[in-house]
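**Student:** fold the stuff below for me.
(one chain, ligands or ions: 1)
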Amino acid sequence: MSQDKFIERHVGPGEGDLAQMLSVIGTKSVDELIAQVVPAAIRLKKPLALPREGMSEHEFAARIRQIGRKNKLYRSLIGMGYYGTATPAAIVRNVFENPAWYTSYTPYQAEISQGRLEALLNFQTAVVSMTGMEVSNCSLLDEATAAAEAMLMMFALRSRDAVREGRNVLFVDENIFPQTLDLLLTRSEPFGIEIVTDDFSSYAFSGREFGAIVQYPAANGEVRDYDDFAAAAHSRGVLVTAAADILALALLVPPGEWGADIVVGSTQRFGIPMGFGGPHAAYLATKDAYKRHMPGRIIGVSVDRLGNKALRMALQMREQHIKRERATSNICTAQALLASMAGFFAVYHGAEGIRRIALNAHSHAVAVASALEKLGYELTTKNFFDTIEVVADAEKIRVLALERQINFYYADESRVRIAFDELSSTDEANAVIGIFARAAGKKAPVLKKIDERDDDLPASLRRRTPYLTESVFRKYRSETDLMRYIKKLEHRDISLADSMISLGSCTMKLNPAVTMMPLSLSEFADIHPFVPAEQAEGYMEMIDELSSDLAVITGFSAVSLQPNSGATGEYSGLMVIRAYYQSRGQGYRNVALIPASAHGTNPASAAMAGMKTVTVACDERGNIDIDDLRAKAEQHASELCCIMVTYPSTHGVFESRIREIVDIVHDNGGQVYMDGANMNAQVGLTNPGYIGADVCHLNLHKTFAIPHGGGGPGVGPICVAAHLAEFLPGHSVVRTGGANGITSVAAAPFGSASILPITYGYIKMLGESGLRRATEMAIVNANYMASALRGEYEVVYTGETGRVGHEMILDLRHFRKEFGVECADIARRLMDYGFHAPTLSFPVHETLMVEPTESEPKAELDRFMQALVQIKRECEEIRDGQADAEDNVVKMAPHTAGEACADAWSHPYGREKAVFPLRWVRENKFFPYVTKIDGGYGDRNLCCTCGSLSEE
Ligand SMILES: *Cc1c(COP(=O)(O)O)cnc(C)c1O
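**Tutor:** Model prediction:
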């Protein structure tokens, strides 16, 4: 049977297009072009050791279902940060499975991102409301990471006196999730932060603490009153972070009311499947006074050119691109899609629904607790929300529970924890009671219907203040209403479902539909990350196969899938290098060489790993200045730790002297860290291992087809050479990682495991030949654009043969002088043509970095280039006096439907020119919902909740 080939569907240009494109480029064949682009010295001599031909879409679908069946769908009442939840089907279908939501980019271009910005604002509003705090960011990677970010925030907020006194102790209550403690250990060490774990109720502050972290409710389920503790901490100048279960806050006094300075946690149980550990959105909320120290992104309210309310990302000046090693954190990709979903969950359920869900979990815990006490069991939890801890023979209970296909958490041999949730039912409660009755050799009482109640909680712990009172949380109760609200927001955004998103360095390629489908299967979605290994055999099989495929592709020997973003991958790779040196008695090596052109996360990650960054200059061709590199490597040889190098460079060029760069660093005792963001130009042609690097991270959400989700999820695995394998990160609950592995870098053992089927499928369906072909076509598409634009837009940097790699930087540096137009104006004018702008002013100011990827068809590349050329014509009209210097189509862009259709029109140019600048724009017109946004206004009047959006 002849099978439909995935590669034919994945790559945009067809055979006929390719011939035309090559003739524009001026090469006879793809091979000839590739030979001009990729230096011969680093070209692989043999094909990757993967099956040559890929599976068909249909074969992959069958294979992944077969893998899924090897995961056992037991009911997990394990808790510990991961709970059963019911994702409303309306959210699954309209958001999670909807390419308009999952393929969009981080909302840097705010005017065409108002939909997801509102969804994220809803998330922030829900978090602020539930926690009782004043501001929230719009997601972090997971709860443990959020706790680590809170630790560093409290460290940065130390008073001058505290810094002078050298206060460096973080108090962590011992009743905290083990995965959170583990990550705190990882992240504290490079800063010289000392972690003291003890019982909060008897702890006496020593005067050396700067911060404290407590879990609420505690890991064993107990709800403690932290009032006095917080007061004592504050009186000693110590800040307090609560790691809080957001659902519990529907019933419990929120941390903002008992004095917490920062609140972090996971929003997984707001409708996000457990997914064997992730992805889920974590949150971090704090007081207004600390907002400038917050990590991650914050959505704020501002105004547009016409005075309409408009959303955009606020306080960008804190970010790594501007602050580099002095940034508040290295976080870039976060969990936008999951945050949007959690926000919609709150919108759909509202305060009553969230309270009902919380009461369901709580009431089942109460009912089971009292039944178990009647059976003679002792509970160590007295006041609890949804989790109880029972003194029992853990082994006996485990065996009986497995018979009933139920998982509990076994804290030790005599303590069993049971966590109830949204899905708990009377039958389930009776099953649990039955297990304990059998273990005790007693007859199980049978509960009838369990009533919802919270009157057993002491009044001092019970929440009195209302939450989710904003109108958005009251308006959308029917599915029809919710569906239309989601659709309304969707219409305000540009995603890959509309047009190409040519963001350089971001690789916005096709996210194949068939690879998304397994994510909705229970066999992948509903697995707790801490289930016994034999219940996750499917996951482990896929993880092993994927790890070995990625090792082959990168030329390395071992892989960790734990890091859940590219920046976390960078950090993890550096920490692995650090552990390697420590094991050799060279822990003093702490200098990281970083080229001036590096992505902002590189220096930020190096700083977080405790390294000193030394910047290496680039020459006039954009390549690393070899002389400067040698000088700095030699100067710092005794303490050289590594170089962080992106390849091909962020300038889009395959530096031919990359091997020399590697050798210089190795000769001076350092390791080579390769930032794999540009792996889309390497796969199948060369690889970091072959080039001689020691470790790289990959952005599976770039090169390997995981969608960007409007700013996450991501997966940033690290791949390492043999000598580093033993240091790969471990986990406190599930065995993984190297024999001498560093402590964990994410909350879950395999990070965002549930989205791994996407990359798994991408690789399986392409096979060796398809992977190579995809890379070649990415290079063809980029060079076609660079050649076709010549004379209109010039490329800033090219390789020695005048070619670009898989992306190019278009020079607009003369636009300001010649036309009085800024690069950002061009970006906004592109919106009137229906396009998302390329990467703006990175890594060179006043440029556009264009990365078409292999998935874009020639016709789309042509349309995009026509738009760019037409915009240049519009700029020339300004220069030539045919258009007003200020009031022109470019500087007034984008134009909304409201403005274009208004009775009054004040611009000197026509409406048609404004909104239909080229004929084909009419066929698929996208109207931005707002026009040019005033970012400064929003930063000066920072408002990060939706109370201030018009309440229509
Ligand atoms: C995207 C990118 C990163 C950061 O990756 P995230 O997944 O967003 O954290 C790092 N380096 C380069 C060159 C990138 O393009």
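**Student:** quick check: pLDDT value at the residue of the stretch 101-250 of the chain found nearest the ligand.
**Tutor:** For the stretch 101-250 of the chain, the residue closest to the ligand is Thr106, as judged by CB to the nearest ligand atom, at 8.0 Å. All C-beta spots, glycine's among them, are computed from the backbone N, C-alpha and C. At Thr106, the pLDDT value in this model is 96.
**Student:** which residues touch it?
**Tutor:** Neighbouring residues of Thr106 by CB atoms under 8 Å, 6 or more residues apart in numbering: 297, 333, 336, 708, 710-712.
**Student:** again, only this time at 7 Å
**Tutor:** 336, 710-711 (CB atoms under 7 Å, 6 or more residues apart in numbering).
**Student:** tabulate those residues (TSV), appending neighbour count.
**Tutor:** Output for the contacts of Thr106, formatted as TSV (neighbours: other CB atoms under 10 Å):
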residue	neighbour count
Ala336	30
Gly710	29
Gly711	27
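**Student:** which among these gets closest to the ligand?
**Tutor:** Nearest to the ligand out of those is Gly711 (CB to the nearest ligand atom; 8.6 Å).
**Student:** the nearest residue to that closest one once chain neighbours are set aside and Leu593: what is the separation?
**Tutor:** Spatial nearest neighbour of Gly711, excluding adjacent residues (CB to CB, 6 or more residues apart in numbering): Ala336 at 3.2 Å. For Ala336, the distance to Leu593 equals 32 Å [CB to CB, to the nearest Å].
**Student:** next: Leu121.
**Tutor:** For Leu121, the distance to Leu593 (CB to CB) stands at 40 Å.
**Student:** how about this protein: which residue is closest to the ligand?
**Tutor:** At 2.3 Å from the ligand, Gly566 is the closest residue in the chain, using CB to the nearest ligand atom.
**Student:** wouldn't that residue be in contact with Pro717 here?
**Tutor:** No. Using CB atoms under 7 Å, Gly566 makes no contact with Pro717, being 9.8 Å away.
**Student:** show me the contacts for Gln866.
**Tutor:** By CB under 7 Å, 6+ apart, Gln866 lies in contact with Leu918.
**Student:** which helix or strand contains the residue of the stretch 101-250 of the chain closest to the ligand?
**Tutor:** For Thr106, there is no host helix or strand (DSSP states H and E).
**Student:** again with Val368
**Tutor:** Under the criterion of DSSP H and E, Val368 resides in helix 336-374.
**Student:** how far is the least confident helix or strand in the chain by mean pLDDT from where the chain is centred?
**Tutor:** Every helix and strand in the chain was compared by mean pLDDT, DSSP states H and E; the lowest is helix 320-323, with a mean of 80. Relative to its chain's centre, helix 320-323 lies at 18 Å (CA atoms, centre = their mean, to the nearest Å).
**Student:** does the ligand sit close to that helix?
**Tutor:** No. Using CB under 6 Å from any ligand atom, helix 320-323 stays clear of the ligand, with a minimum separation of 8.9 Å.
**Student:** contacts for that helix next, please.
**Tutor:** For helix 320-323, contacts defined as CB under 7 Å, 6+ apart pick out 327, 330, 332, 600-601, 604, 842.
**Student:** just give me the closest of the residues you listed to Val821.
**Tutor:** Nearest to Val821, judged by CB to CB, of the contacts of helix 320-323 is Phe842 at 18.8 Å.
**Student:** leaving out chain neighbours, which residue sits closest to Ile67?
**Tutor:** Nearest residue to Ile67, sequence neighbours excluded (CB to CB, 6+ apart): Gly538, at 4.4 Å.
**Student:** surely the one you found is in a helix?
**Tutor:** Yes. Looking at Gly538 with DSSP: H, G, I helix; E, B strand; the rest coil, it is inside a helix.
**Student:** tell me the contacts of it?
**Tutor:** Taking CB under 7 Å, 6+ apart as the contact definition, Gly538 lies against 67-71, 523.
**Student:** for Tyr909, same thing?
**Tutor:** Going by CB under 7 Å, 6+ apart, Tyr909 touches 883, 888-889.
**Student:** do Cys696 as well
**Tutor:** Counting by CB under 7 Å, 6+ apart, Cys696 touches 554, 674, 676, 688, 719.
**Student:** for Leu574, see how far away Tyr370 is.
**Tutor:** Not Tyr; residue 370 is Ser. According to CB to CB, Ser370 and Leu574 sit 51 Å apart.
**Student:** looking at those two, which one has more neighbours?
**Tutor:** Set side by side, Ser370 and Leu574 show more neighbours around Leu574, with 28 against 14, by other CB atoms under 10 Å.
**Student:** nearest residue to that one other than its sequence neighbours?
**Tutor:** Per CB to CB, 6+ apart, closest to Leu574 is Ala609, 3.9 Å.
**Student:** swap in Asp412?
**Tutor:** Closest residue to Asp412 apart from its sequence neighbours, by CB to CB, 6+ apart: Ala394 at 6.9 Å.
**Student:** and the one you found, what is it in contact with?
**Tutor:** Residues in contact with Ala394, defined by CB under 7 Å, 6+ apart, are 410, 412-416.
**Student:** do Met153 as well
**Tutor:** Met153 neighbours (CB under 7 Å, 6+ apart): 262, 290, 293-295.
**Student:** next one: phi and psi at it?
**Tutor:** Backbone torsions of Met153, given as degrees, to the nearest 10, read phi -60, psi -50.
**Student:** now Leu239
**Tutor:** Per-residue torsions, Leu239: phi -80, psi 150 (degrees, to the nearest 10).
**Student:** what pairs with it across the strands?
**Tutor:** Counting by DSSP bridges, Leu239 is bridged to Gly211.
**Student:** now the one 5 residues further on
**Tutor:** Each beta-bridge partner of Ala244 is listed here, defined by DSSP bridges: Tyr216.
**Student:** pretty sure it contacts Val253?
**Tutor:** No. Applying CB under 7 Å, one finds Ala244 not in contact with Val253, separated by 10.6 Å.
**Student:** which of those two has more neighbours?
**Tutor:** Neighbours were counted for Ala244 and for Val253 using other CB under 10 Å; Ala244 has more, 27 against 22.
**Student:** read off the pLDDT value for the more buried one.
**Tutor:** On pLDDT, Ala244 comes in at 98.
**Student:** so for Leu121 and Leu593, which residue has more residues nearby?
**Tutor:** Legend: neighbour count by other CB under 10 Å for Leu121 and Leu593, higher for Leu593 (30 against 26).
**Student:** number of residues surrounding the closest residue to that one other than its chain neighbours?
**Tutor:** Excluding the flanking residues, the one nearest Leu593 by CB to CB, 6+ apart is Ile643, at 4.2 Å. Number of residues near Ile643 (other CB under 10 Å) recorded here: 29.
**Student:** again, but for Asp199
**Tutor:** Number of residues near Asp199 (other CB under 10 Å) recorded here: 9.
**Student:** quick one: contacts for it?
**Tutor:** By CB under 7 Å, 6+ apart, the neighbours of Asp199 are Glu174.
**Student:** please apply the same query to the one 10 residues further on.
**Tutor:** Taking CB under 7 Å, 6+ apart, we find Glu209 in contact with 167, 169-171, 236, 238.
**Student:** with Arg324 instead?
**Tutor:** 600, 603-604 are the contacts of Arg324 under CB under 7 Å, 6+ apart.
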